[in-house]
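1. compute the structure for the input listed below.
(4 chains)
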There are 2 protein chains.
Amino acid sequence: MTKTDHTPSIDRSSFEPAYAQLVNILHGQIASGLFRPGGRLPSESQLCRRYQVSPMTVRRAVNILVEQGLVSTSQGRGTFVKPMKLSTVMFGLDELRSVFDGNARNKVKLLEVSIVKAAEDVASRLDLHRGARVILIRRLIHKEAQPILYHREYLVYDPTRPVVEAEMEVTALHGLFAGTGETSLKRGELAIDAAVLGDEEAHLLMAPPGLPCFRLEHLFYDFDDHPLSWGVFFCRGDLIRFRATVGLSDRARQRGRKPGGRT
Amino acid sequence: MTKTDHTPSIDRSSFEPAYAQLVNILHGQIASGLFRPGGRLPSESQLCRRYQVSPMTVRRAVNILVEQGLVSTSQGRGTFVKPMKLSTVMFGLDELRSVFDGNARNKVKLLEVSIVKAAEDVASRLDLHRGARVILIRRLIHKEAQPILYHREYLVYDPTRPVVEAEMEVTALHGLFAGTGETSLKRGELAIDAAVLGDEEAHLLMAPPGLPCFRLEHLFYDFDDHPLSWGVFFCRGDLIRFRATVGLSDRARQRGRKPGGRT
DNA sequence: AAGTGGTCTAGACCACTAT
DNA sequence: TAGTGGTCTAGACCACTTT
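-> Reported below is the predicted structural model:
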């Protein structure tokens, strides 16, 4: 839908706030090539006059473009269109999150919940001494009735809380992705490695040993900055691929068309 | 000396803007556990009185926290601390960018620049007919004098531009990561797969065939939305690992770092 | 009705850059 | 000196939620 680029203007009776409309206008003008990478945008005072909005509103729109990485500002010089930059690409875990979307065919199967003595690697990660008791949880996650993820996790053992609650973690895993529940975690460190399935993982995932896979390691901390959980996800590489875009993505144009829009 | 967390206040003579100071104060209070996940922050009018700043300044600070994913706002209800959410994790390519940091021991070696006829896969990706002429570029990227990346790229052949310029792409590869130069690209689509090195890649990377690796595929478009470049990076999995953090990262706590916080 | 977030104004003052 | 971005004010009005 090509809207008239001749005289774009702010519609004060729209739901879309003025600053958002201005963001879309400028974004479109950059995407259309009106402002080229390295080129300069009109000054903020010019934009104020051009679109009949206050300086703060223009400022807010420009700030959003800066945060989106489309332009950069330089005090006393102006606002410039940034060239595409590969190193700004960000990959999310949307592909994994979709496994926990509540689809009935996406199941989390609990393989094991037990208390074990921490080996060297586990102890050092969880800041415990070797041989300390930890809770081992092993899960198999199915997507569309097919095993796709194998999760092995070690939790610090808290005698004040019954182990049964650890089973609740099955749902907590949902929450970790969805953002509900589990309020005792402050932060986490993650890493993704390239690997191949070992015999154990291959058997559980019903895949041939040696199959390329992603190895997603996680370490979660509580609000006292003590490690609480260390674990690894093994993801079948043939079923998961991480995607991202960089630069001016075409879609994502005016989103947020609310139903029942009053004029 | 630790800064008194009892009565944090805005320092108007500071170089740090008021809104940024307020962001840090609130961030610190959330990280310290004063406001727990699910809990409510003071209302904006309370914050105005508490810190003696105008509504717009408070609003800006809160907006930044929202963008950072630390809190969420609900009109008419208040501002609430968000629990940690795994699906918000974002992985960058910092690990790859460091290869192009200008270190003399990080070299890009050009293996091949030639004009070839596009095979089926190349043609479909670049929106050409099979057999069309394309420029094939093969590069080997070293980090610390060790081969770490193998890049195979296909460019649409533009008769109006001499092939020699394609060689300039060696430097353009730097620019792609650094953000300098190459202003003809509008956007790109990327994907990461888990894979293992084939014989060709293994030989070039001086690694055993079958070694786990990341396969980073890219497709770049120009401002007319025509594909310009399709290629693949093969990254030795034993030398590269992607990291990310989620939740309240221990970033610049300024002087507020508490020493010896044990038990 | 009271309180909350959300938008916006019409200026002000400052720091920086170019001429 | 003139123009640029950067911060900030002290309100206003609106939409929404709770009591």
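
2. is chain B within reach of stretch A:92-111?
-> Yes. Among the residues of stretch A:92-111, A:92, A:93, A:94, A:96, A:97 lie within reach of chain B under CB under 8 Å from any CB of the partner chain. Every C-beta, even on glycine, is put in place using the N, C-alpha and C of the backbone.

3. oh sorry, the question was meant for stretch A:196-209
-> Yes. Using CB under 8 Å from any CB, stretch A:196-209 reaches chain B at residue A:196.

4. name the residues that touch that stretch?
-> Contacts to stretch A:196-209, defined as CB atoms under 8 Å, 6 or more residues apart in numbering or on different chains, come from residues A:111, A:140, A:146-148, A:150, A:210-213, A:234, A:236, A:238, B:196, B:210, B:212.

5. for the nearest residue to residue A:149 once chain neighbours are set aside, give me the pLDDT.
-> Using CB to CB, 6 or more residues apart in numbering or on different chains and skipping the chain neighbours, the partner closest in space to residue A:149 is residue A:141 (3.9 Å). As summarised for this prediction, residue A:141 has a pLDDT of 90.

6. ok, residue A:194 touching residue A:214?
-> Yes. If you go by CB atoms under 8 Å, residue A:194 and residue A:214 touch, sitting 7.1 Å apart.

7. anything in contact with each of these two?
-> Residues touching both residue A:194 and residue A:214 (CB under 8 Å, 6+ apart): residue B:194.

8. coming back round to it: is it true that the residue nearest to residue A:149 lies in a helix?
-> No. Checked against DSSP: H, G, I helix; E, B strand; the rest coil, residue A:141 lies outside a helix; its state is strand.

9. relative to DNA strand D, how far out is it?
-> Using CB to the nearest atom of the strand, to the nearest Å, residue A:141 is found at 34 Å from DNA strand D.

10. check residue A:191 too.
-> Counting by CB to the nearest atom of the strand - residue A:191 and DNA strand D are separated by 34 Å.

11. list the beta-bridge partners for that residue.
-> Legend: beta-bridge partners of residue A:191 under DSSP bridges are residue A:217, residue B:243.

12. report how many residues lie close to it.
-> Per other CB atoms under 10 Å in any protein chain shown, the neighbour tally for residue A:191 reads 15.

13. check residue A:60 too.
-> Around residue A:60 there are 20 residues (other CB under 10 Å).

14. check what pLDDT the closest residue to residue A:233 other than its chain neighbours gets.
-> Computed as CB to CB, 6+ apart, the closest residue to residue A:233 that is not its neighbour in sequence is residue A:216, at 4.1 Å. On pLDDT, residue A:216 comes in at 96.

15. surely residue A:71 is in contact with residue A:39?
-> No. Contact criterion CB under 8 Å: residue A:71 and residue A:39 do not qualify, at 9.9 Å.

16. compare the two (neighbour count), which wins?
-> The residue with more neighbours, out of residue A:71 and residue A:39, is residue A:71; 24 against 15, by other CB under 10 Å.

17. that older thread, nearest to chain B, of the residues of stretch A:92-111 next to chain B?
-> Chain B lies nearest to residue A:97 out of these, by CB to the nearest CB, at 4.1 Å.

18. which elements pack onto the helix or strand harbouring residue A:233?
-> Residue A:233 belongs to strand A:227-236 when assigned by DSSP states H and E. Judged by 3 or more CB pairs under 8 Å, 6 or more residues apart in numbering or on different chains; DSSP states H and E, strand A:227-236 is in contact with helix A:120-125, strand A:146-156, strand A:185-196, strand A:212-222.
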